[in-house]
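J.: Below is the structure, and that's it, no one-letter string:
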């Protein structure tokens, strides 16, 4: 099963901390074409959003637009988001998805996000309501947890210490300041110079002790990193 979801995030403005797919399972489908059975299945992300939902129905299938014959071409660039098991009962299910880099980048960019489900166990018969189902709350949807991206808003000196003021911090979050003499260096070559764990959300500051002493390099660059 392939499905698309619309992400409302703007590029690089939010930090995604979680994603869940909610579906309403139908334990006793009213059409014999749907198999019944409890088993494992996988949820994956696909890079290709260039597809259109077909016009067929279970009783009258068609091969226009997305169907089993063109899925192999659609599912060439994918990321596995987890293995789950259905219940074979009528119930609402919530599946926590792995935050793979490709999936997160796609969601953060905004626009369509393509997910597909594939059976792992041969006995799996997983039926759930589609996006055209009459009751809106029973339709599948993608739930994303995110917070505004933190950022440096001011750098000041206090003697030989460098004080960085930042915004959009989250309570309990750990934030690290990385320093480098060259802004073009890869991030893994930047050195951690200070860390702060926040007691409250909002604006905060981190002090890099002795980062501006006389023996330090005359040019320094700083990056705020979440941990």
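T.: Everything's here; your move. Everything quoted here is computed from the prediction, not taken from an experiment.
J.: and residue 106, what element?
T.: helix 101-109 (DSSP states H and E).
J.: what's the following helix or strand after that helix?
T.: strand 111-119.
J.: Determine the set of other helices and strands touching that following strand.
T.: strand 2-7, strand 40-46, helix 101-109 (3 or more CB pairs under 8 Å, 6 or more residues apart in numbering; DSSP states H and E). C-beta here means a position set from N, CA and C on the backbone, and glycine is covered the same way.
J.: Could you chop the chain up by domain?
T.: For the chain, automatic domain parsing gives the domain ranges 2-148, 151-226.
J.: Make TSV from those and add mean pLDDT and mean neighbour count to it.
T.: Output for the domains of the chain, formatted as TSV (pLDDT from 0 to 100; neighbours: other CB atoms under 10 Å):
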stretch	mean pLDDT	mean neighbour count
domain 2-148	86	15
domain 151-226	83	14
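J.: Excluding chain neighbours, what is closest to the most centrally placed residue in the chain?
T.: The residue lying closest to the centre of the chain (CA atoms, centre = their mean) is residue 104, at 3.7 Å. Once flanking residues are discounted, residue 104 sits nearest to residue 16: 5.3 Å by CB to CB, 6 or more residues apart in numbering.
J.: Now do the same for the one you found: helix, strand or coil?
T.: Put simply, residue 16 is strand when judged by DSSP: H, G, I helix; E, B strand; the rest coil.
J.: Backbone torsions only: list them for the closest residue to residue 50 other than its chain neighbours.
T.: Excluding the flanking residues, the one nearest residue 50 by CB to CB, 6+ apart is residue 74, at 8.0 Å. Phi and psi for residue 74, reported as degrees, to the nearest 10, are phi -70, psi -40.
J.: I'd assumed residue 46 was in contact with residue 74.
T.: Yes. Here residue 74 reaches residue 46: they are 6.4 Å apart, a contact under CB atoms under 8 Å.
J.: Please, where are all the strands along this protein?
T.: Using DSSP state E, the strands assigned to the chain run over residues 2-7, 14-25, 40-46, 78-85, 91-96, 111-119, 141-148, 151-158, 161-169, 174-180, 191-197, 202-208, 221-226.
J.: Quick one: closest of these to residue 135.
T.: Residue 135 lies closest, by CB to CB, to one member of these: strand 14-25, at 8.3 Å.
J.: Which strands and helices lie in contact with that closest one?
T.: Strand 14-25 packs on strand 91-96, helix 101-109, strand 141-148, going by 3+ CB pairs under 8 Å, 6+ apart.
J.: So which other helices or strands are in contact with the first one?
T.: What that stands for is strand 91-96. Judged by 3+ CB pairs under 8 Å, 6+ apart, the packing partners of strand 91-96 are strand 14-25, strand 78-85.
J.: tilt between that strand and strand 14-25?
T.: 150 degrees (axes from the mean of the first three to the mean of the last three CA atoms, to 10 degrees).
J.: distance between strand 91-96 and the chain's centre?
T.: 17 Å (CA atoms, centre = their mean, to the nearest Å).
J.: for the last one, same thing?
T.: Strand 141-148 sits 8 Å away from the centroid of its parent chain (CA atoms, centre = their mean).
J.: Ok, the second one next?
T.: Mean C-alpha position of helix 101-109 versus that of the full chain (CA atoms, centre = their mean) differs by 6 Å.
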